[in-house]
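S.K.: I would like to see how this sequence folds:
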Amino acid sequence: MRARCTCRTCPISSGDGAPYHRRMNSSRPSSQADSRPEALLQRGIGHLNDEKYSFAEALFREILAQDPHHAEALHQLGVTLARQSQFEAAEHWLRASLAQRESGPCRRDLAWALLWQGRDGEAIEAYRAAIGAGVREARVFSNLGNLLKKRNALPQAEACYREAIATDASYALAYSNLAMLQQDAGQLEAAEANLKQALTLAPNAPHLWQCYGGLLERLNRIDEADEAYCRGGRWEAAQFVRRREAHWQQLAEIDAAALAMVSAGTADNLTPWCLLGIPALTPQLHREAGLRFAQSRWRGELAAAPLVARGAGLAAALARCKEGERLRIGYLSADFYDHATLRLLAGVLELHDATRFDVHLYSYGPDPDAATRARFAHVPGTWHDIGALSDAQGAAQIVRDGIHLLVDLKGYTTGARLGITALRPAPVIASWLGYPGSLGHARLADYLISDAIVTPPDSALQYSETLALMPQCYQPVDHRRQSATAPSRAQAGLPETGFVFCSFNQTFKFNAPMSALWARLLKATPGSVLWLLDPGSERAKVNLRSFYETQGVEPARVIFAPRVSQDAHLARLPLADLALDTLPVGSHTTGSDALWAGVPMVTAPGTLFAGRVGMSLLHAVGLSELVAHDLDAYFQIALGLATDAAWRTRVREKLASARSTSPLFDTARFTRDLERLCMAIVEREAHGVKAEAGERTPVIVRQA
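M.R.: Numbering: from 1, shown residues only. Predicted structure coming up:
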């Protein structure tokens, strides 16, 4: 399952953050207050300009007490309420004003109130009506473009952004919105030119520096991306790219600044995934980051009325299941085509009981290649390609299909479209597999499918979701995975002799403390080497080798494995003697790959979900002895396996036996457990037990 930072793509809802209001002379009358409507209106708008909303509201209501049909007072009262996030009330007064007189500015402000309620279609109509009535403002065109982009009406969105620029060439946000559209279309040179223009106009806008840093990162100009993030004070992004490059200088200060941004809520669109490498990140802060990200990214969808009420129809569906009908489960992802997903999920999907479950796969990623599509031909379910649909259209498709339980497989990872789940297209929604943590906002998912090790029951309050716990590891392993012909050590670039430590994790999971511990292991085992996955960056390789050299390890003992196909990787893995887990973010599919290939792994429990997966994998495979209680014990276990050949042989024999006996590798057993958990979730919802009512007890499926 691909799990990378999503902060590289800026939100499509990046529009101005307040409705307009009419600016008038805000000078105050003398102490002998004039009670005539026009004088009151002028004073009210003065207070509105000064953000003294309670005073402004009182004056507009005083006008309406004298004249209930005063169109401008109705309009300005609506604006005042919208400024205070009372969008339904604002809509009422704005519509009342329009009933008295047609007004382009009032249509414009109505569009804003509708946008905030998640009523995008009506907001589009209102913006178009405002433009038709003569409103020619850059913000209006830009906001309309954002709404059209959400609906995948990309040519129309581009036209709006260009019209915004033509209307006001100094409006920076229109350039950045156009740049993001061009970036998504692969027009990277044009996107960079527009982002540079936006920064020329607004050089102190953190959001623009984040956009520019994301583009530079996509262009693999990492040093420039780092500089852009730091210039904009986007510390959460700066620390992530530095970790990608093993550039660990000044990380303590940058990490502290990033976490302070989370605590203070001072950064919009701060992606939760890219925070995971920060050692001081707590589950509570991670959940808070998820909440704030959801609120900034999908504010309209979260405010909209749910397409399907929670729990609606589930009792009737269960009754029909007893009469032979099937429960409809939908899986939502962009990654069905991805080989990392295949090696986790394909077996489960193939083995679903088609007599009891009607499986639907909703894909919004690229079309799968021929081999992947052939593999999915074995899945007893229905494939839906919703990539060309907007979030609203995709959600409507799920509603039409009558899905009872929707399982989101992405969370806050690359390409996620949680705008679909925010619209609530199913009576119950679960998050599973793609994102190791809480989404933060209760509306995005009702349940988090995990296990009692990665999310212990007593940690339930750290999650916005109710925990739904599998009896063994929450992570499946594909029963049909294949490996290629095994290479020799020389063919794999390894020395003919010597102990091989390995860690094929992404570079951002590495850090100085863990690497220093690994250096101690190398020095304590003469002739050993550390086998890492090629990070795809020469600078990262230089930084890693340089670090080990400072720790007294010859750079040649750090060997980088080229990126190869999955079957070739599984074939070479047995050349390693021991896999080293990482903290604070641990091995996920990397860990299950190693264990499947017969390579033991040593780990220690982290604080976060993302740092406890290795422990869960080892428990499920029957090797709890390799779970250290702290990093000192981690070192001793790893050193013991490296120096005690008899112990190492016993562990490897136990692991080889586990290939046919362990629940970690029993995909059919895992699938039956998952199905029982899905039924337990639906039964719970059918009986109206909900977390928001104060119920935080996890749903636990015991071993059958």
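S.K.: mind listing what S537 touches?
M.R.: N220, I222, R244, E245, T507 (C-beta atoms under 8 Å, 6 or more residues apart in numbering). Yep, even glycine has a C-beta here, placed from its N, CA and C like the rest.
S.K.: list only buried entries from these.
M.R.: Taking 16 or more other C-beta atoms under 10 Å as the criterion, what is buried in the contacts of S537 is I222, R244, E245, T507.
S.K.: and the pLDDT for the third one?
M.R.: Reading off the confidence values, E245 has pLDDT 96.
S.K.: centre-most residue in the protein?
M.R.: Y412 (0.8 Å; C-alpha atoms, centre = their mean).
S.K.: tell me which element it is part of?
M.R.: Using DSSP states H and E, Y412 falls within no helix or strand.
S.K.: check what pLDDT it gets.
M.R.: Taking Y412 on its own, its pLDDT is 95.
S.K.: for it, give its distance to R612.
M.R.: As defined by C-beta to C-beta, to the nearest Å, Y412 lies at a distance of 18 Å from R612.
S.K.: show me where pLDDT drops low in the protein?
M.R.: 1-35, 339-343, 690-695, 704 (pLDDT under 70).
S.K.: what helices or strands is the lengthiest helix in it leaning on?
M.R.: When the chain is parsed with DSSP state H, its longest helix is helix 667-686. With contacts taken as 3 or more C-beta pairs under 8 Å, 6 or more residues apart in numbering; DSSP states H and E, helix 667-686 sits against helix 314-322, strand 327-333, helix 339-351, strand 405-408, strand 428-432, strand 447-451, strand 466-470, strand 699-700.
S.K.: circling back: the residue nearest to the centre of the chain against L270, yeah?
M.R.: No - Y412 lies out of contact with L270 (C-beta atoms under 8 Å); the separation is 10.6 Å.
S.K.: where do the contact lists of these two overlap?
M.R.: Jointly contacting Y412 and L270 under the rule C-beta under 8 Å, 6+ apart are F293.
S.K.: how about the helices and strands packed on helix 667-686 in a markdown table, adding mean neighbour count and distance to E538?
M.R.: Converted to a markdown table, the helices and strands packed on helix 667-686 look like this (neighbours: other C-beta atoms under 10 Å; distance: least, C-beta to C-beta, whole Å):
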| stretch | mean neighbour count | distance to E538 |
| --- | --- | --- |
| helix 314-322 | 15 | 54 |
| strand 327-333 | 24 | 33 |
| helix 339-351 | 22 | 24 |
| strand 405-408 | 26 | 37 |
| strand 428-432 | 26 | 37 |
| strand 447-451 | 26 | 38 |
| strand 466-470 | 25 | 41 |
| strand 699-700 | 16 | 48 |
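S.K.: rebuild those as CSV, extending it with distance to S483.
M.R.: As requested, the helices and strands packed on helix 667-686 are exported to CSV (distance: least, C-beta to C-beta, whole Å):
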stretch, distance to S483
helix 314-322, 39
strand 327-333, 25
helix 339-351, 11
strand 405-408, 29
strand 428-432, 26
strand 447-451, 27
strand 466-470, 26
strand 699-700, 35
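S.K.: to N511, which of these lies closest?
M.R.: The closest of the helices and strands packed on helix 667-686 to N511 is helix 339-351. By C-beta to C-beta, the value is 22.7 Å.
S.K.: mind checking which of the helices and strands packed on helix 667-686 is nearest L494?
M.R.: helix 339-351 (23.5 Å).
S.K.: show me what the helix or strand following that closest one is packed against.
M.R.: With elements assigned by DSSP H and E, the helix or strand that comes after helix 339-351 is strand 357-363. Packing partners of strand 357-363 (3+ C-beta pairs under 8 Å, 6+ apart): strand 327-333, strand 381-385, helix 391-400.
S.K.: list the contacts of strand 357-363.
M.R.: 326-334, 336-337, 349, 352, 376, 379-387, 394, 397-398, 401, 403, 675, 678.
S.K.: domains in the protein, by residue range?
M.R.: In the domain annotation for the chain, the residue ranges read 314-479+670-700, 500-664 (automatic domain parsing).
S.K.: related to what we said a few turns ago, contacting residues around the residue nearest to the centre of the chain?
M.R.: Here Y412 is in contact with T6, T271, P272, W273, G290, F293, L418, Y435, G437, L439 (C-beta under 8 Å, 6+ apart).
S.K.: ok, the second one to D385 distance?
M.R.: Using C-beta to C-beta, one gets 26 Å for the distance from T271 to D385.
S.K.: between those two, which has more neighbouring residues?
M.R.: Between T271 and D385, T271 has the larger neighbour count (other C-beta atoms under 10 Å), namely 24 against 14.
S.K.: shouldn't the more buried one be in contact with E236?
M.R.: Yes - between T271 and E236 there is a contact at 7.2 Å, judged by C-beta under 8 Å.
S.K.: neighbours of the residue nearest to K523 when sequence neighbours are not counted, how many?
M.R.: Sequence neighbours aside, G552 is the residue nearest to K523 in space, at 5.9 Å (criterion: C-beta to C-beta, 6 or more residues apart in numbering). A count of nearby residues for G552, using other C-beta under 10 Å, gives 10.
S.K.: G552 reaches A519, doesn't it?
M.R.: Yes - G552 lies in contact with A519 (C-beta under 8 Å); the separation is 6.9 Å.
S.K.: tell me the backbone dihedrals of the closest residue in space to A309 that isn't next to it in sequence, please.
M.R.: Closest residue to A309 apart from its sequence neighbours, by C-beta to C-beta, 6+ apart: P427 at 6.9 Å. Note on P427: backbone dihedrals following degrees, to the nearest 10 are phi -70, psi -20.
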